[in-house]
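Novice: Sequence below, structure please.
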Amino acid sequence: MEKRIPSLIFAAFLFLANLGAQDNTDKKIRLYLWALADSYPEYTEEKPYQQAKDHLRDLSEFLLNGMTYGWDFVYTPSDKLRGVPEYFECKPRHSFENDRKNIEYDSVYVREDKIFCWVNFIRTKQMEMYYKQMSNIKNPRVIGHGKDRVSKGFSGVQQAAENAVKDGVREYYRKIIKNKPKEISGTILIRKVPAIYIDSGHYAVELDFFLQTSKIKEYNQF
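Specialist: Got it, this is the predicted structure:
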């Protein structure tokens, strides 16, 4: 049975279905989100599912940021001979605060135990130019996979996505660099709509992204 709901009432654990109808072009981004409808039944009618709405907002902004401005990263491969542990840091290149007002949500409906919604966002001219710049043939297209615990909520999705970036970055440079570098820095821009699902109590995220290398630092000596 299907019914419409008038406002944005969503469960906290949001998943991105990787459907053919989804769209990510240099102009428009359209995401299809679904959630379990009864994740927070204890909330009252005064502020129904407020925490769930916050999760929707955070997830939408997080993904859209990675698809428009991109994320910078710093990666240090582990090196047992030198006693160097693996290090990876990934952070947004730009705040999405001023852009959140341009996110639109539509076609909200409930079916069985799930709530569905479309998320729409139109890139600015600057974002369009940046997407075209990053899609240059010089920047490889990389796929990475990452996981983190469902119990962590939105932070689990965020960490799983960052782990997916690390996985893609690590595997790409392993193939093209013979000797382990001291540090690699660069930028990624999510190319396709991410796939997010649950696997054995973990969020599993698959990211397809453009990879731009900023700098590769080599060790001065062995």
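
Novice: Which residue would you name as the spatial centre of this protein?
Specialist: residue 63 (4.2 Å; C-alpha atoms, centre = their mean).

Novice: A helix includes that residue, no?
Specialist: Yes. Counting by DSSP: H, G, I helix; E, B strand; the rest coil, residue 63 is part of a helix.

Novice: Look up how far residue 122 lies from it.
Specialist: 15 Å (C-beta to C-beta, to the nearest Å). Heads up, the C-betas are built off the backbone N, CA and C, glycines and all.

Novice: for residue 99, same thing?
Specialist: Distance of residue 99 to residue 122, computed by C-beta to C-beta: 10 Å.

Novice: Comparing the two, which shows the higher neighbour count?
Specialist: Taking other C-beta atoms under 10 Å, residue 99 and residue 122 do not tie; residue 99 has more neighbours (18 against 13).

Novice: helix, strand or coil for that one?
Specialist: Residue 99 ends up helix, using three-state DSSP.

Novice: My read is that it contacts residue 64, right?
Specialist: Yes. Assessed by C-beta atoms under 8 Å, residue 99 is found in contact with residue 64 at 7.4 Å.

Novice: list residues touching both of the two?
Specialist: With contacts defined as C-beta atoms under 8 Å, 6 or more residues apart in numbering, the residues shared by residue 99 and residue 64 are residue 121.

Novice: residues near residue 73, how many?
Specialist: For residue 73, the tally of surrounding residues (other C-beta under 10 Å) stands at 20.

Novice: phi, psi of it?
Specialist: phi -140, psi 150 (degrees, to the nearest 10).

Novice: From residue 66, how far out is it?
Specialist: Distance of residue 73 to residue 66, computed by C-beta to C-beta: 11 Å.

Novice: got any residues that touch both of these two?
Specialist: Jointly contacting residue 73 and residue 66 under the rule C-beta under 8 Å, 6+ apart are residue 188.

Novice: Can you give me the buried ones in stretch 77-86?
Specialist: residue 77 (16 or more other C-beta atoms under 10 Å).

Novice: For that stretch, list the C-alpha coordinates in PDB.
Specialist: Provided in PDB are the C-alpha atoms of stretch 77-86 (Å, rounded to 0.1, in the frame of the first residue of the first chain):
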ATOM      1  CA  PRO A  77      51.000   4.500   2.600                       C
ATOM      2  CA  SER A  78      52.100   2.200   5.400                       C
ATOM      3  CA  ASP A  79      55.700   1.300   5.300                       C
ATOM      4  CA  LYS A  80      56.700  -1.400   7.700                       C
ATOM      5  CA  LEU A  81      60.400  -1.200   6.900                       C
ATOM      6  CA  ARG A  82      60.400   2.500   7.800                       C
ATOM      7  CA  GLY A  83      58.000   2.100  10.700                       C
ATOM      8  CA  VAL A  84      55.400   4.400   9.000                       C
ATOM      9  CA  PRO A  85      51.700   3.700   9.700                       C
ATOM     10  CA  GLU A  86      49.100   4.300   7.100                       C
END
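
Novice: oh, and call the first residue 11 from now on, that's how I've got it
Specialist: Sounds good: first residue 11 from here, last item stretch 87-96.
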